[in-house]
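Undergrad: with the input below, show me the fold.
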Amino acid sequence: MQSLIGTGVALVTPFKKDFSVDIEALQRIVNFSIDGGVEYLVVMGTTAENATLTQAEKELVLKTVIDTNKGRLPLVLGVGGNNTMQIVEELKSGDFSAFEAILSVSPYYNKPTQEGIYQHFKAIAEASPIPVILYNVPGRTSSNMLPATVVRLANDFSNVVAIKEAAGDMAQALQLLKNAPKDFLVISGDDMIALPIVLAGGAGVISVIGQGFPKEFSEMIRLGLNRKVNEAFKTQYFLSDCIDMIFEQGNPAGIKQVFQALGIAENTVRLPLVAVDESLAERLNKFVKNSIKLE
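TA: Numbering: from 1, shown residues only. Now for the predicted structure:
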């Protein structure tokens, strides 16, 4: 799928100081990402703090993103969880006409076997009216979807078109790239190794840092896709300290501090997450300030 090549950004849900959803800030974030040159937007991923949103708030966020986007970029919707039957029902009953694909995380907490993971995604693939992007993030799910399971799903279901691979394991990513079907996309879910994965044959990234620095990060990925290695790595090394910092005290607390420094949104997160501490806030603010000076 050509529409999923390049940089997608996993949008945050901005909150006001009173913890209510900040619609105007969300509109600013969507426009900032689009104006910065990213290729697609991912709505209702982990970065959106969807676990702490009510159903009404989720619907409000979706409507805001769709209305603000105005069809300019492809949209991907996070639809996942650890209750397979519930996800299947959601896929059968929902309206997905505004979306290019769904992004579905491997089941968390239950710790299924590889066969359990396969059967979970088999049910999702059979129920989904649009293409499916698998999402492997062992640091959050406590189970690793192995390359053999991914390849099996990709071969068995034509609508399983990609994986967001966030194991942080370059060797595992290389195994996926080597063994996956020809048109199956391996998308990095880890900002720090997105460029190396692209250079090894990956399709791009679903990024967190990309919404804070959309121009720089999306251009880096395009340079990587065009094999302009030295130019791409200049941006990689420029952003690497900030990438480390935004995940230092949890996601999306770090990227929300970047947005506060940019004057786009508050740094508010909902419990059990808390905002970054004063020391990290100062370091992130300094990085943002210096990066603006360099433009």
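
Undergrad: quick one, phi psi at residue 135?
TA: When read as degrees, to the nearest 10, the backbone of residue 135 gives phi -140, psi 110.

Undergrad: right, and residue 146 touches residue 114 too?
TA: Yes. Contact between residue 146 and residue 114 holds when scored by Cβ atoms under 8 Å: they sit 5.8 Å apart. To be clear about C-beta, it is placed using only N, CA and C from the backbone, and glycine gets the same treatment.

Undergrad: which neighbours do these two share?
TA: Here residue 146 and residue 114 share no contacting residue, scored by Cβ atoms under 8 Å, 6 or more residues apart in numbering.

Undergrad: for residue 101, which non-adjacent residue is spatially closest?
TA: residue 131 (4.2 Å; Cβ to Cβ, 6 or more residues apart in numbering).

Undergrad: could you give the number of residues near that neighbour?
TA: 20 (other Cβ atoms under 10 Å).

Undergrad: isn't it right up against residue 159?
TA: Yes. Contact criterion Cβ under 8 Å: residue 131 and residue 159 qualify, at 5.1 Å.

Undergrad: circling back to that earlier point, show me what contacts the residue nearest to residue 101?
TA: Residues near residue 131 by Cβ under 8 Å, 6+ apart: 1, 100-102, 159-162.

Undergrad: how about residue 175, secondary structure?
TA: On the three-state scheme (DSSP: H, G, I helix; E, B strand; the rest coil), residue 175 is labelled helix.

Undergrad: check residue 275 too.
TA: Assignment for residue 275 (three-state DSSP): coil.

Undergrad: ok, and the closest non-adjacent residue to it?
TA: residue 267 is the one closest to residue 275 (Cβ to Cβ, 6+ apart), at 5.1 Å.

Undergrad: can you read off the pLDDT for residue 265?
TA: pLDDT for residue 265: 98.

Undergrad: doesn't it fall inside a strand?
TA: No. With three-state DSSP as the criterion, residue 265 is located in coil rather than a strand.

Undergrad: do I have it right that it meets residue 27?
TA: No. Residue 265 is beyond contact range of residue 27, at 10.3 Å (criterion: Cβ under 8 Å).

Undergrad: which one's more surrounded, those two?
TA: Neighbour count, other Cβ under 10 Å: between residue 265 and residue 27, residue 265 has more, with 24 against 16.

Undergrad: that one and residue 153, how far apart?
TA: As defined by Cβ to Cβ, to the nearest Å, residue 265 lies at a distance of 36 Å from residue 153.

Undergrad: then residue 72?
TA: Residue 72 is 31 Å from residue 153, by Cβ to Cβ.

Undergrad: so which of the contacts of residue 131 sit within strands?
TA: 101-102, 160-162 (DSSP state E).

Undergrad: most surrounded residue in those residues?
TA: residue 162 (27 neighbours).

Undergrad: identify the residue spatially nearest to that one, adjacent ones excluded.
TA: Closest to residue 162 by Cβ to Cβ, 6+ apart is residue 185, at 3.7 Å.

Undergrad: same thing with residue 203?
TA: The nearest residue in space to residue 203 (Cβ to Cβ, 6+ apart) is residue 185, at 3.9 Å.

Undergrad: rewinding a little: from residue 226, how far out is the residue nearest to residue 101?
TA: Taking Cβ to Cβ, one finds residue 131 at 25 Å from residue 226.

Undergrad: with residue 85 instead?
TA: Taking Cβ to Cβ, one finds residue 85 at 44 Å from residue 226.
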